[in-house]
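Student: The amino acid sequence is not available; the structure is as follows:
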């Protein structure tokens, strides 16, 4: 049911020069997007985090980047993101000032993962709701 994606739509950043620079460079990463189904900000955050967390980017990232550059849909994109998440989990100490919440511990998740159903037990906010997919009337 869940994917490996880091949700880029919700984050907390300290009001500091470091945070401003981080976000500015992340915005500039748009100029480096591959000509593929890249996932815009959600796809980009994975590669941006890893490339900016390490001084020397290991050769293995090229395999993940190749998946991202060739992606044609969500399944390809999720494979590229999973590849990067594995590398991030092995190098998490390299980004000590960034906390990536575990699945089920954060306050937002993609609505499509449960066909838009919200759970009062585990959900706070749903991301990705589209007006055309809203169900109206009595349930």
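Tutor: Received it, and whenever you're ready, just let me know what you need. All values derive from a computational prediction rather than experimental measurement.

Student: So which residues of this protein form helices?
Tutor: 17-28, 40-53, 61-70, 74-90 (DSSP state H).

Student: Please tabulate these in TSV, including the columns mean neighbour count, mean pLDDT and distance to residue 113.
Tutor: Every residue, glycine included, has its C-beta placed from N, CA and C. Shown next, in TSV, are the helices of the chain (neighbours: other CB atoms under 10 Å; pLDDT from 0 to 100; distance: least, CB to CB, whole Å):
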stretch	mean neighbour count	mean pLDDT	distance to residue 113
helix 17-28	12	90	24
helix 40-53	19	83	13
helix 61-70	16	91	21
helix 74-90	18	86	11
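
Student: what's the closest of the ones you listed to residue 107?
Tutor: Closest approach to residue 107 among the helices of the chain (CB to CB): helix 40-53, 16.3 Å.

Student: and residue 88, what does it touch?
Tutor: Residue 88 makes contacts with 46, 49, 50, 53, 95, 100, as judged by CB atoms under 8 Å, 6 or more residues apart in numbering.

Student: ok, so of those residues, who is nearest residue 126?
Tutor: residue 100 (19.3 Å).

Student: nearest spatial neighbour of that closest one, skipping sequence neighbours?
Tutor: residue 6 (6.0 Å; CB to CB, 6 or more residues apart in numbering).
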